[in-house]
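Q: sequence and predicted structure are below.
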Amino acid sequence: MKKFVIAVSVILSLCGAGMADEGTDLYKKCATCHGVHGEKSALGKSKIIKDMGVAGIMNALKGYKDGTYGGAMKGMMKAQAAPLSDAQITAIAAHIAK
């Protein structure tokens, strides 16, 4: 896990503002359920994502994408995460966790 967090930190520092802009754009469709700042429990069933941190958000999105993560909203989130690349997942996580 420590190596994962270090890797995420390196990726985020290398990507800079371009990733932040992409994360902002990608997050727009998430904001409907999760709130503008990730402060809402989506449909009253999800975790508050702004409190999860970059690594937690990335783990959740990758897990939704491959079907290994999730509870009540697993099916809906799998469909949302499936088309995302690893770079897009990193950008969204960086946007939410800032």
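A: Great, that's in hand. Numbering: from 1, shown residues only.
Q: how about the helices in this protein?
A: Here the chain has its helices, by DSSP state H, at 2-34, 53-66, 74-81, 86-97.
Q: where in the chain is pLDDT low?
A: Within the chain, the segments meeting pLDDT under 70 span 1-20.
Q: 50 instead?
A: 10, 14, 16-17 (pLDDT under 50).
Q: before we move on, back to that, so which of the helices of the chain gets nearest Ala42?
A: Ala42 sits nearest to helix 2-34 of all the helices of the chain, at 3.8 Å, using C-beta to C-beta. Where you see a C-beta, it was placed from the backbone N, CA and C, and this is true even at glycine.
Q: most tightly packed of the helices of the chain?
A: Most buried of the helices of the chain by mean neighbour count (mean count of other C-beta atoms under 10 Å) is helix 86-97; its value is a mean of 21.
Q: tilt between that helix and helix 53-66?
A: Between helix 86-97 and helix 53-66, the angle comes out at 130 degrees (axes from the mean of the first three to the mean of the last three C-alpha atoms, to 10 degrees).
Q: when you give positions from now on, start the count at 58
A: OK, 58 is where the count begins now, so the last one is helix 143-154.
Q: helix 143-154 to helix 131-138, inter-axis angle?
A: 110 degrees.
Q: what sits against Ile106?
A: His91, Gly95, Ile114, Ala117, Ile153 (C-beta atoms under 8 Å, 6 or more residues apart in numbering).
Q: just to check, the third one is in contact with Ala150?
A: Think Ile114. Yes: in terms of C-beta atoms under 8 Å, Ile114 counts as a neighbour of Ala150; the distance is 3.9 Å.
Q: which neighbours do these two share?
A: Common neighbours of Ile114 and Ala150 (C-beta under 8 Å, 6+ apart) do not exist.
Q: returning to that earlier point: between the helices of the chain, which one is closest to Ser103.
A: Closest of these to Ser103 is helix 59-91, at 7.3 Å (criterion: C-beta to C-beta).
Q: returning to that earlier point: can you redo the contacts of Ile106 as a markdown table with distance to Ile146?
A: What follows is the contacts of Ile106, written out as a markdown table (distance: C-beta to C-beta, whole Å):
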| residue | distance to Ile146 |
| --- | --- |
| His91 | 15 |
| Gly95 | 14 |
| Ile114 | 8 |
| Ala117 | 9 |
| Ile153 | 11 |
